[in-house]
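*Asks:* Mind folding the following:
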Amino acid sequence: MERPSLKTDRRFLMRLLSGILLGIFTLVPAFAAEFDNVPFGDPKYKDLIQELVKKHKFKEEDLSAVFKQVVFQKDIIDKFERPAEHLPFYKYRKIFIKNDMIERGRAYLAENDKLLSEVEAAYGVEKEIIASILGVETRFGKPGIERYRAFDVLNTAYFLYPRREKFYRGEIIAFLKLCRKEGIDPFSVNSSYAGAFGVPQFIPSSFLNYAVDFDKDGKTDLWNSKGDIFASVANYLKKFGWEKGTLLYLPTQIYQESPDLQKIIESGYRKTVPVSKAIKMGAEIPYPAKGDELVSFAYYEPNPDEKELIGLFGNFRAITRYNTSVHYALVIVHLSRRLTM
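*Replies:* Here you go, the predicted model:
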């Protein structure tokens, strides 16, 4: 029997490896295909419902009626694995920084200037930043962005996406508490594939913790009340440290290789160090950065085959609390600047 060539062996190994990887990456969708609705007998749901009853004072019969209406939206699982923010920045930027978006944003600023200025004065968050977030999230409140029932999404992610099970368990609880508080039918709320809703695209816990009744009408409306919408975005950023007029990011160079500096950079954009210490380690951070300001670092790709380092400051990191992506925050900053040009 003729022995296969090394090339054939490699092909076999590659096919074998591909089969293993395919099995891994299709495991969740294959699992998801087994269920269409909430399996009440599963321990995860038994524990969840018991917590809702005992800790949060819901009635078990009411919960049973609500959960029985859930339909798992299995197509969202693939979307979780391929978010747009994972694109290189020069590709991600093109989704949002384009002429029609800029023109619409300038018109939106002009149309809502008085109210946005009031919110800026109240919270200290620049109106261009507020508008840019609303532009990126929902094209300034354009209908049709939310294609799923929010409660379906939250349950689908909780039960069929193990990587985010704990997170979405908390969001299911927050959503039901929110619906009870605001008198909302849980199935009347539509959301994105990730379970965010309203013009600012808040997840349930963010709605509970940061949404604001700015127009003082007794309810918090993130769908129709522009005052509530603008103020809720501003309040969110302020709660995460936004300070009006302070630095966002600066181009940064490395003038001296340093293991300590490299370690900080590799730790991610939440790892901060005083500017003065970063400079001693070998970073060149230009004016107007001050020595006692906290800086973190990230690389991004402004163009194909280009990689640049930037120093990130408090306001930039506040935006990443809205969406945990450096690319997202960069787009918000770039768009806000184009809206004022």
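
*Asks:* what mean pLDDT does the helix or strand containing residue 335 have?
*Replies:* Assigned by DSSP states H and E, residue 335 belongs to helix 326-339. On average, the pLDDT along helix 326-339 is 97.

*Asks:* got it, and stretch 87-94?
*Replies:* 94.

*Asks:* And stretch 212-225, by the same measure?
*Replies:* Mean predicted confidence for stretch 212-225 is 95.

*Asks:* which of the residues in it are buried?
*Replies:* Residues of stretch 212-225 classed as buried by neighbour count (16 or more other C-beta atoms under 10 Å): 212, 214, 220, 221, 222, 225. For the C-beta atoms, the positions are set from N, CA and C on the backbone; glycine is no exception.

*Asks:* closest to residue 290 among the residues you listed?
*Replies:* residue 212 (31.5 Å; C-beta to C-beta).

*Asks:* Just give the nearest non-adjacent residue to that closest one, would you?
*Replies:* residue 231 (4.3 Å; C-beta to C-beta, 6 or more residues apart in numbering).

*Asks:* Can you give me the distance of the one you found to residue 120?
*Replies:* Shown here: residue 231 relative to residue 120, a distance of 10 Å by C-beta to C-beta, to the nearest Å.

*Asks:* neighbour-wise, which of the two wins?
*Replies:* Just comparing residue 231 and residue 120: by other C-beta atoms under 10 Å the higher neighbour count belongs to residue 231, 28 against 18.

*Asks:* hang on, that one in a strand?
*Replies:* No: applying DSSP: H, G, I helix; E, B strand; the rest coil, one finds residue 231 to be helix, outside a strand.

*Asks:* tell me the contacts of it?
*Replies:* 119, 122, 123, 212, 214 (C-beta atoms under 8 Å, 6 or more residues apart in numbering).

*Asks:* Now do the strand or helix carrying residue 49, average pLDDT.
*Replies:* Using DSSP H and E, residue 49 sits within helix 43-54. Over the span of helix 43-54, the pLDDT mean works out to 96.

*Asks:* same deal with stretch 314-321?
*Replies:* Stretch 314-321 comes out at a mean pLDDT of 98.

*Asks:* Just name whatever secondary elements the helix holding residue 49 is in contact with.
*Replies:* With contacts taken as 3 or more C-beta pairs under 8 Å, 6 or more residues apart in numbering; DSSP states H and E, helix 43-54 sits against helix 60-67, helix 150-160, helix 165-182.

*Asks:* quick one, it and helix 165-182 angle?
*Replies:* Relative orientation of helix 43-54 and helix 165-182, computed by axes from the mean of the first three to the mean of the last three C-alpha atoms, to 10 degrees: 30 degrees.

*Asks:* what comes into contact with helix 43-54?
*Replies:* Taking C-beta under 8 Å, 6+ apart as the rule, helix 43-54 contacts 38-40, 58-60, 63-64, 67, 158-159, 165, 169, 172-173, 176.

*Asks:* which two from those end up farthest apart in space?
*Replies:* 59 and 165 (25.0 Å).

*Asks:* The two: who's more crowded?
*Replies:* residue 165 (14 against 10).

*Asks:* What residues does that one make contact with?
*Replies:* Taking C-beta under 8 Å, 6+ apart, one finds 44, 158, 159 in contact with residue 165.

*Asks:* Would you mind confirming that residue 73 is in contact with residue 156?
*Replies:* Yes: Residue 73 lies in contact with residue 156 (C-beta atoms under 8 Å); the separation is 4.9 Å.

*Asks:* who has more neighbours, these two?
*Replies:* Using other C-beta under 10 Å, the more surrounded residue of residue 73 and residue 156 is residue 156, with 26 against 19.

*Asks:* Which strand runs longest in this structure?
*Replies:* strand 294-300 (DSSP state E).

*Asks:* following it, which helix or strand comes up?
*Replies:* strand 308-312.

*Asks:* Now do the residue nearest to residue 295 when sequence neighbours are not counted: how many residues are near it, please.
*Replies:* Among residues not flanking residue 295 along the chain, residue 311 sits closest, at 4.6 Å (C-beta to C-beta, 6+ apart). Residues near residue 311, counting by other C-beta under 10 Å, number 24.

*Asks:* Could you do the one 5 residues further on as well?
*Replies:* Using other C-beta under 10 Å as the criterion, residue 316 is surrounded by 25 other residues.

*Asks:* Tell me which helix or strand it sits in.
*Replies:* Counting by DSSP H and E, residue 316 is part of helix 314-320.

*Asks:* From residue 175, how far out is residue 55?
*Replies:* 15 Å.

*Asks:* of these two, who's got more company?
*Replies:* residue 175 (27 against 9).

*Asks:* right, and the more buried one touches residue 204 too?
*Replies:* Yes: between residue 175 and residue 204 there is a contact under C-beta under 8 Å: 3.9 Å.
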